[in-house]
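Undergrad: Coordinates for the following, if possible.
(one chain, ligands or ions: 2)
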Amino acid sequence: MPLTRKAYRAALLHSLADPAEVGIEASYEYFEDGLLVVENGQISAIGHARDLLPTLAVDIEVTHYPDALITPGLIDTHIHLPQTGMVGAYGEQLLDWLNTYTFPCESQFADKAHADAVADIFVKELLRNGTTTALVFGSVHPQSVNSFFEVAQKLDLRMIAGKVMMDRNAPDYLIDTAESSYTESKALIERWHGKGRLHYAVTPRFAPTSTPEQLALAGQLLGEYPDLYMQTHISENLQEVQWVKELFPERKGYLDVYDHYQLLGERSVFAHGVHLCDDECARLAETGSAIAFCPTSNFFLGSGLFNLPMAERHKVHVGLGTDVGGGTSFSLLQTLNEAYKVMQLQGARLSPFKSLYLATLGGARALRLEDKIGTLQPGSDADFLVLDYNATPLLGYRLKQAKDIAERLFVLMTLGDDRTVAQTYAAGKLVHQR
Ligand code: GUN
Ligand code: ZN
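TA: Ligands and ions are numbered 1, 2, ... in the order given. Alright, predicted model coming up:
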């Protein structure tokens, strides 16, 4: 394959570390007039334009984005493909919301043509919003995952997904069995896991919809293949937590149910965790498990306020999740806007650099992919965004008042959304142009 080399000139910003660990100043790198060099789908250099431009061969194409900020592609650590058609469903909290809206909507994925159509819309929406990697729940139907991965593979995206496993406490038309969920998941793993930039996640929906037998088989799958992911929900809603106590009286608590079935680990991501206690956070940290913080969903479903400072104290990995369709936006910028308010309501702050970290490197670390995505470091996949400072008249005017990159970044996260994402690049290829 011939070498393809391209360069992009703009302001460049990326996280280097968690501000909670190294302080804000050491947590990021910023080049006001920077240059990003991309070779064969990977980043090969980053620096000041004045330093790098003279080193480039004369035939290299340099694309200049003045009045724009290049950042790493955003990482959504929790989202549901089959809930694309039900975002903004009125009036219920988690358990009624699942029965009234979610299960009927997901049942449509029994039809492969429907799954194909929604996968197409879903991936376009991710890219329009600057999300280049997502950890995705399919429906109970294996074809939901096939449809999604088929689209992701064509675009050479780094994506993780799994078929939902649920064999009880859901309508008959939507459940599998412990055995069928095991064999269907296995077939999907064999077909997709490690193909190009695709990875598989074993996906028990949450403890109430799986029998002990199914949870045991989920744990067994994780032991059978290296580097598989595990995704599920935990402690999102108080009624849900109470229900889990009733279903699993022999376990110490909600996390202990998953722990018992060997579902914790370095590639395990638990969505929400709004009502976790200190001991549970300590156990998540000890096992290297991660939490997906889903602020728009937690507000919309009235679930509660995620205690990010507690997770930080225990050094639990935390990524950001939109949780569409419980969440109300595909935009991780809008999700950060709400994350800031979650902290405000708890008398705490969320610095713009911590927000940047959560949506990029923090998500990459939660997924154990920090050597591949989440930063603009040389050697990383060239998954990056061009954010347009003039995306809307108000944004353009407001940013002219901003005195430094911290303020610009914060305003981008407060006023920004899909309109802000002018271009999305994945593996060095333009995959979305506004
Ligand atoms: N808990 C179990 N299933 C779901 C789901 O689809 N969405 C959310 N937000 N929580 C869940
Ligand atoms: Zn969810």
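
Undergrad: excluding its backbone neighbours, what's nearest the residue in the stretch 251-400 of the chain that ligand 1 sits nearest to?
TA: Nearest to ligand 1 in the stretch 251-400 of the chain, going by Cβ to the nearest ligand atom, is G326, at a distance of 3.3 Å. Quick note: C-beta positions are derived from backbone N, CA and C, even for glycine. The spatially closest residue to G326, leaving aside those adjacent along the chain, is S297, at 3.9 Å (Cβ to Cβ, 6 or more residues apart in numbering).

Undergrad: which ones are touching the nearest residue to L255 once chain neighbours are set aside?
TA: Excluding its sequence neighbours, the residue lying closest to L255 (Cβ to Cβ, 6+ apart) is E280, at 4.3 Å. Contacts for E280 (Cβ atoms under 8 Å, 6 or more residues apart in numbering) come out as S235, G253, Y254, L255, G273.

Undergrad: Tell me how many other residues crowd R50.
TA: Neighbourhood size, R50 [other Cβ atoms under 10 Å]: 11.

Undergrad: how about the residues of the stretch 151-300 of the chain near ligand 2?
TA: Contact residues (Cβ under 5 Å from the ion) of the stretch 151-300 of the chain with ligand 2: A271.

Undergrad: Now with 8 Å, please.
TA: Contact residues, the stretch 151-300 of the chain versus ligand 2 (Cβ under 8 Å from the ion): H233, E236, A271, H272, C294, S297.

Undergrad: Export those residues as CSV, with columns for secondary structure.
TA: Below are these laid out as CSV (DSSP: H, G, I helix; E, B strand; the rest coil):
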residue, secondary structure
H233, strand
E236, coil
A271, strand
H272, strand
C294, coil
S297, helix
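
Undergrad: so which of those residues are also by ligand 1?
TA: Taking Cβ under 6 Å from any ligand atom as the test, ligand 1 is in contact with H233, E236, S297 out of these.

Undergrad: With pLDDT and neighbour count added, can I get those in JSON lines?
TA: Shown next, in JSON lines, are those (pLDDT from 0 to 100; neighbours: other Cβ atoms under 10 Å):
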{"residue": "H233", "pLDDT": "99", "neighbour count": "25"}
{"residue": "E236", "pLDDT": "98", "neighbour count": "28"}
{"residue": "S297", "pLDDT": "98", "neighbour count": "29"}
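
Undergrad: Name the nearest of those relative to D383.
TA: Minimum distance to D383 across these is 24.3 Å, recorded for S297 (Cβ to Cβ).

Undergrad: Quick check: residues of this structure near ligand 1?
TA: H80, L94, L98, T102, R205, F206, H233, E236, S297, D323, G326.

Undergrad: what residue lies at the spatial centre of the chain?
TA: In the chain, the residue lying closest to the centroid (Cα atoms, centre = their mean) is D76, at 1.5 Å.

Undergrad: For the residues of the chain next to ligand 1, could you give me a markdown table that also reports secondary structure?
TA: Below are these laid out as a markdown table (three-state DSSP):
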| residue | secondary structure |
| --- | --- |
| H80 | strand |
| L94 | helix |
| L98 | helix |
| T102 | helix |
| R205 | coil |
| F206 | coil |
| H233 | strand |
| E236 | coil |
| S297 | helix |
| D323 | coil |
| G326 | coil |
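
Undergrad: Kindly check the end-to-end length of stretch 313-333 for me.
TA: From its first residue to its last, stretch 313-333 covers 25 Å (Cα to Cα, to the nearest Å).

Undergrad: Return the distance of it from the chain's centre.
TA: 7 Å (Cα atoms, centre = their mean, to the nearest Å).

Undergrad: Please work out the average pLDDT along it.
TA: The predicted model assigns stretch 313-333 a mean pLDDT of 98.

Undergrad: from now on call the first residue 211
TA: Let's use 211 as the start, then, which means that last one is stretch 523-543.

Undergrad: how about it, does it reach ligand 2?
TA: Yes. Using Cβ under 8 Å from the ion, stretch 523-543 reaches ligand 2 at G531, D533, G536, G537.

Undergrad: tell me which of these is nearest to P459?
TA: G536 (27.4 Å).

Undergrad: you'd agree that closest one is up against P505?
TA: No. Applying Cβ atoms under 8 Å, one finds G536 not in contact with P505, separated by 11.1 Å.

Undergrad: hmm, back to that, a markdown table for the residues of stretch 523-543 next to ligand 2, including neighbour count and distance to V346?
TA: As requested, these are exported to a markdown table (neighbours: other Cβ atoms under 10 Å; distance: Cβ to Cβ, whole Å):
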| residue | neighbour count | distance to V346 |
| --- | --- | --- |
| G531 | 32 | 11 |
| D533 | 31 | 11 |
| G536 | 30 | 14 |
| G537 | 28 | 13 |
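
Undergrad: Good, we can wrap up now.
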